[in-house]
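Chemist: Okay, structure incoming, though there's no sequence with it:
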């Protein structure tokens, strides 16, 4: 009786071990399947963002950081100006159209078809070649320089030197923002036109007497940013609208953003970008603004 009991116990333990082993293997398979499932569910796709050269550096850097954690999403960022960005996203040639201006401000764009994603604010300032020896102008003087009524720096307290105006191309959102704030409907003087902030920066730096305007993110110590009416072009002054020349940086999609595009745009509004990258690269977080502006240029408190 005892021998039979021992054999029965041994067989029972062996059967139990087999059952437990089977359960363990089954659990491993489930975990592996879940892992594979998660991998296959990872968002993938190609995203092309085209447009504003003022916004381009921020989107390029954000895209690089984003792709480190989202290897199945490929993002291409190009310039071309706000007009190009809005036109191409409207035509569905690209997934994102970057713009310094509201779609409502651009002729030929049906803003009702586009979805606006504001990702930052950019301040813009007049800049001069350091040789001009000018650091502050009145708003009226700035207007007269860019409309051709003032043609020598000595007329505004600077060096006896001819003023060379460098303008932006007509499709530029930076130009539209600058002219709305400064020229207020007056016609700009005919001058050379450039289609990117980067090119303008280099021309002003290397051309004696040159003047133009740039996004804050492109201003460096090789050129002179000009104060207006003794107000300095700083982030703090933009945030309260004390500095008047600024715009939102928009990333437009044709309809609601989906898939890889939505994931990237969510990242653009994350703390990683808004609390760190935006400031480091010379932009202003949309969350820091004490005022808001609509497509007609009307500014009000938040």
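Modeler: Good, I have the coordinates. This one's a predicted model, so the numbers in the text were calculated from it and none came from an experiment. Numbering: from 1, shown residues only.

Chemist: got the residue ranges for the strands in the stretch 201-302 of the chain?
Modeler: In chain order, the stretch 201-302 of the chain shows strands spanning 210-215, 224-225, 227-228, 246-254, 291-293, 299-301, with DSSP state E, counting those that start in this stretch as the criterion.

Chemist: Quick check: can you name the pairing partners of the first one and their directions?
Modeler: Translated: strand 210-215. Sheet neighbours of strand 210-215, with direction, are listed as strand 118-128 (antiparallel), strand 164-168 (parallel) (DSSP bridges).

Chemist: List the residue ranges of the chain that fall below the pLDDT cut-off.
Modeler: Counting by pLDDT under 70, the ranges of the chain that qualify are 1-41.

Chemist: dump the residue contacts of the spatially most central residue of it.
Modeler: Centroid check for the chain by CA atoms, centre = their mean gives residue 55 as the closest residue, at 3.7 Å. Listed by CB atoms under 8 Å, 6 or more residues apart in numbering, the contact partners of residue 55 are 98-100, 119-120, 122, 249, 251. Where C-beta positions appear, they are placed from N, C-alpha and C, glycine not excepted.

Chemist: what do you get for residue 198?
Modeler: Residues near residue 198 by CB under 8 Å, 6+ apart: 53, 218.

Chemist: now it, what's its secondary structure?
Modeler: For residue 198, the assignment made with DSSP: H, G, I helix; E, B strand; the rest coil gives helix.

Chemist: Quick check: it vs residue 168, distance?
Modeler: Relative to residue 168, residue 198 is positioned 12 Å away (CB to CB, to the nearest Å).

Chemist: in the sheet, who's paired with the residue nearest to residue 219 when sequence neighbours are not counted?
Modeler: Closest residue in space to residue 219, ignoring its immediate chain neighbours: residue 225 at 5.0 Å, by CB to CB, 6 or more residues apart in numbering. In this structure, residue 225 has the following beta-bridge partners (DSSP bridges): residue 127.

Chemist: if I pick residue 293, what's in contact with it?
Modeler: Going by CB under 8 Å, 6+ apart, residue 293 touches 246-248, 299.

Chemist: Present the residues you listed as a markdown table; the columns should include distance to residue 133 and neighbour count.
Modeler: Compiled in a markdown table, these are given as follows (distance: CB to CB, whole Å; neighbours: other CB atoms under 10 Å):
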| residue | distance to residue 133 | neighbour count |
| --- | --- | --- |
| 246 | 27 | 26 |
| 247 | 29 | 30 |
| 248 | 34 | 24 |
| 299 | 33 | 11 |
